[in-house]
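Q: below is the sequence, then the predicted model.
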Amino acid sequence: MDNDAFEVIVVGAGPAGLTAAIALAQSGFRTALCGPVAVDNNRTTALLGGSIRALETLEVWQRCHALAAPLASIRIVDDRESLVRAPEVLFHAEEIGLAAFGQNLENRLLVDALLERLGELPIVHMPSPVVEVTSSESSVAVRLATGEPPSASLLIAADGRNSICRQAAGISVEDWDYPQSALTCNLAHARPHGSVSTEFHTRTGPFTLVPMQGESSSLVWVLDRERAAAFSELKPEDFALAVERQAHSFLGKMSLTGTRQLFPLSGLVAQQFAKNRVALVAEAAHVIPPIGAQGFNLGLRDVATITELLVAARREHAALGGPELLARYDAMRRPDIWTRVRGIDLLNRSLLTDFLPTQALRGLGLALLQRIGPLRRAAMREGVMPRASEPLLIRGERLA
Ligand SMILES: Cc1cc2nc3c(=O)[nH]c(=O)nc-3n(C[C@H](O)[C@H](O)[C@H](O)COP(=O)(O)OP(=O)(O)OC[C@H]3O[C@@H](n4cnc5c(N)ncnc54)[C@H](O)[C@@H]3O)c2cc1C
């Protein structure tokens, strides 16, 4: 395939970019993927129902599902030790007719499955970083650090939070920092987790243990930056003991399996999600703190939406990267993205404040969720399948 023959270029070969290239190529678009494949780490991603349906439809999930752990229930425990203490809330997926809310999978296993599927499709992968992007009225071209520069009708920017594609398209961002870091690692433990994901709401942020296969869990511990750095340097056995204490020993004795990683918490939202033949997906469009397993799931809804719009444009013989399509993408993604960004921001800030009325409101919200079945079920459905965004791929429909 010569380099002028592409309809779409995807920049960034992280999980979102790999998924975008697969979705586009499976839908019959001539697709180029630019960028090196992301380096492995030992983090996991909790994939919600819609994301799993999309990955199944893209013939990816079948390759890794046996290695994932189901999330049958979610438990929220108020551990702020404040004057107003909220009740413990337990959400069971079976209450809304599901076996699980989602599945937790190691990122490296997801990337392996994506690469295997990628290899079956006619995608041209150029593993070199993109150094420049130029848009004209009719096309968009990228310059690579090495190799032939491809051009296409549309560029999908999956090049993460510091996206050079976003900058080249002239899209500005709103960004902010939080006074916290997320400390992540995987742990083995003595007692079974029973497929329950447990989130303790502490004074510095959520402390969440997400089931992995067997008697092990992945931890996302949001702490003030100094304590997070100090905990990351403790001896492994001292650290495991600190985690066990913070978890009130509900999983018994713990031991660290693998390394710890630190992620300073920040937020970012692009002012526009598409412009000048560039459509932003995943962290190029939005960065949210790792609370409530939202980031990648939100990114997959971006990928599903832009693919669906491109398929519809092709059916109507309309231009693939023109301003109408980009304006439609922007309008379709705005409610979903802003709902998640605001929701996570509010939850995080409500944990950090000692302001009593805020604590009372948070407690009341959790109490209502605990006591009122229809409200709890509506919240669970919204978590698994947000009403603001139901693209076909997320509903499990193949796009062609
Ligand atoms: C601690 C933590 C826990 C999380 N847990 C969850 C979870 O449970 N569920 C969930 O849904 N989300 C979760 N997330 C969010 C999720 O990890 C991110 O949303 C997701 O990784 C973003 O994917 P991405 O592909 O946009 O970005 P990245 O993974 O950053 O990928 C961007 C890619 O672009 C490449 N790139 C950058 N610049 C260029 C260039 N110039 N040329 C070519 N390539 C380039 C990079 O090399 C990289 O491969 C978590 C995040 C964190 C930090």
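A: Nice, I can see it. Residues are numbered from 1 along each chain as shown.

Q: scan this structure for its longest strand.
A: Counting residues, the longest strand found in the chain (DSSP state E) is strand 173-189.

Q: which strands border it, and is each parallel or antiparallel?
A: Sheet pairing of strand 173-189 (DSSP bridges) gives strand 216-224 (antiparallel), strand 254-256 (antiparallel), strand 261-270 (antiparallel).

Q: which element follows that strand toward the C-terminus?
A: strand 196-202 (DSSP states H and E).

Q: what's the angle between that following strand and strand 216-224?
A: Computed with axes from the mean of the first three to the mean of the last three CA atoms, to 10 degrees, the direction of strand 196-202 lies at 20 degrees from that of strand 216-224.

Q: what's the first helix or strand after strand 196-202?
A: As the chain continues past strand 196-202, the following element, by DSSP H and E, is strand 205-211.

Q: give me the contacts around that following strand.
A: Where contact means CB atoms under 8 Å, 6 or more residues apart in numbering, the residues beyond strand 205-211 that reach it are 44, 46, 69-71, 79, 104, 180, 182, 187, 193, 195-200, 217-223, 246-247, 251, 265, 289, 291, 293, 348, 351-352. (Each C-beta comes from the backbone N, C-alpha and C, glycine too.)

Q: and the angle for that strand with strand 216-224?
A: Using the same axes, to 10 degrees: strand 205-211 against strand 216-224 is 170 degrees.

Q: list the buried residues for strand 205-211?
A: Neighbour counts over strand 205-211 (16 or more other CB atoms under 10 Å) mark G205, P206, F207, T208, L209, V210, P211 as buried.

Q: hmm, back to that, of the contacts of strand 205-211, grab the buried ones for ChimeraX.
A: Buried members of these, defined by 16+ other CB under 10 Å, are picked up in ChimeraX with:
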select :44,46,69,70,71,79,104,180,182,187,193,195,196,197,198,199,200,217,218,219,220,221,222,223,246,247,251,265,289,291,293,348,351,352
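
Q: where does the stretch 1-150 of the chain come near the ligand, residue by residue?
A: Within the stretch 1-150 of the chain, the residues that sit near the ligand (CB under 6 Å from any ligand atom) are 11-17, 34-36, 38, 43, 45-46, 129-130.

Q: for S266, which non-adjacent residue is closest in space?
A: D177 (4.9 Å; CB to CB, 6 or more residues apart in numbering).

Q: again with P179
A: Closest to P179 by CB to CB, 6+ apart is D224, at 6.0 Å.

Q: for the longest strand of the chain, buried residues please.
A: Of the residues in strand 173-189, V173, Y178, Q180, S181, A182, L183, T184, C185, N186, L187, A188, H189 count as buried by neighbour count, 16+ other CB under 10 Å.

Q: now the third one: how far from E174?
A: Note on Q180: its distance to E174, by CB to CB, to the nearest Å, is 19 Å.

Q: list the buried ones in stretch 147-163?
A: P150, S151, A152, S153, L154, L155, I156, A157, A158, D159, G160, S163.

Q: I should have written stretch 343-351 there, sorry.
A: I344, D345, L347, N348, S350, L351.

Q: alpha carbons of it, as PDB, please.
A: Output in PDB follows, covering the C-alpha atoms of stretch 343-351 (Å, rounded to 0.1, in the frame of the first residue of the first chain):
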ATOM      1  CA  GLY A 343     -18.200  13.500  38.500                       C
ATOM      2  CA  ILE A 344     -14.700  12.300  39.300                       C
ATOM      3  CA  ASP A 345     -13.500  15.800  40.200                       C
ATOM      4  CA  LEU A 346     -16.400  16.300  42.600                       C
ATOM      5  CA  LEU A 347     -15.900  12.900  44.300                       C
ATOM      6  CA  ASN A 348     -12.200  13.500  44.700                       C
ATOM      7  CA  ARG A 349     -12.600  17.000  46.100                       C
ATOM      8  CA  SER A 350     -15.400  15.900  48.400                       C
ATOM      9  CA  LEU A 351     -13.000  13.500  50.100                       C
END
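
Q: ok, residues contacting that stretch?
A: So stretch 343-351 is contacted by 80, 178, 180, 201-206, 222, 265, 267, 288-289, 291-292, 294, 358-359, 361-362 (CB under 8 Å, 6+ apart).
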